[in-house]
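Enquirer: this is the structure alone, sequence omitted:
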Ligand SMILES: O=P(O)(O)OP(=O)(O)OP(=O)(O)OC[C@H]1O[C@@H](n2cnc3c(O)ncnc32)[C@H](O)[C@@H]1O
Ligand SMILES: [Mg+2]
């Protein structure tokens, strides 16, 4: 497979652009990717779209490639998106009202406690964290999407409150919330690291060969 990748190696002279305005996400992506994929970050004011995770992520990558960096061809660009999707009741409409693309707004308005209060009536507090990265080679190329998922449940907040819903998400098989875990531990099992593992494999298979100075 290495030989196959080498025979179609693509020389990339620019680092990948990771589109985010969230410093905590950036910190995690830096530590998960290490030196494996050279990237720079860019904050773009993109709309928080609604719909299915994969579609939202792809559309944001398209918008980023077209609006964010006009005139640059062969641009490499990521976009990440994050969801907690509650799976109790199997009631998808309810689920979508409570979570997914609305999580940011929801957290701002009602906080961790409000989120838990809403779920009080339901015994099953199952949830999963989902991360979507869409990678666009340029404005005219269909983005490719990678989804990473970590199952768990929603619990009353525990641990430092410095990153979104980390204090109320406890992954399956752990007695700590994401917020209570050491960062390296979260990064081993998180939705984000699972999606980035797929990104890394994709890059290796595509034979991207970076020749950037940073
Ligand atoms: O869209 P960008 O600019 O990347 O930054 P954002 O803060 O809007 O990030 P998302 O749309 O991905 O995330 C929606 C919400 O989920 C939160 N969030 C994202 N990843 C998280 C994680 O791993 N743990 C806890 N909260 C997270 C984040 O703080 C937001 O409140
Ligand atoms: Mg966002």
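Expert: Ah, there it is. Everything numeric here is computed off the predicted structure, so don't read it as measured data. Numbers count the residues shown, from 1 in each chain. Ligands and ions are numbered 1, 2, ... in the order given.

Enquirer: pretty sure residue 25 contacts residue 192?
Expert: Yes. Using Cβ atoms under 8 Å, residue 25 is in contact with residue 192, at 7.4 Å. Where C-beta positions appear, they are placed from N, C-alpha and C, glycine not excepted.

Enquirer: pick out whichever of these two has more residues nearby.
Expert: residue 192 (22 against 18; other Cβ atoms under 10 Å).

Enquirer: in space, what's closest to that one - neighbours in sequence excluded?
Expert: Leaving aside its sequence neighbours, residue 192 sits nearest to residue 131 (Cβ to Cβ, 6 or more residues apart in numbering; 4.6 Å).

Enquirer: and residue 104, how far is that from residue 25?
Expert: Residue 104 sits 12 Å away from residue 25, going by Cβ to Cβ, to the nearest Å.

Enquirer: how many residues are close by the residue in the chain that ligand 1 sits nearest to?
Expert: Closest approach between the chain and ligand 1, counting by Cβ to the nearest ligand atom: residue 164, at 2.2 Å. Neighbours of residue 164 under the rule other Cβ under 10 Å: 19.

Enquirer: what's the answer for residue 172, then?
Expert: 11.

Enquirer: ok, it - contacts?
Expert: Residue 172 sits next to 151-153 when contact means Cβ atoms under 8 Å, 6 or more residues apart in numbering.

Enquirer: swap in residue 152?
Expert: Contacts of residue 152 (Cβ under 8 Å, 6+ apart): 126-129, 169-172, 174.

Enquirer: pLDDT score for it?
Expert: At residue 152, the pLDDT value in this model is 91.

Enquirer: how about it: what's its closest non-neighbour residue?
Expert: In space, residue 152 is closest to residue 171, 4.1 Å off (Cβ to Cβ, 6+ apart).

Enquirer: from residue 36, how far off is that neighbour?
Expert: Counting by Cβ to Cβ, the gap from residue 171 to residue 36 is 24 Å.

Enquirer: so which of these two has more stuff around it?
Expert: The neighbour comparison of residue 171 against residue 36 (other Cβ under 10 Å) goes to residue 171, with 22 against 13.
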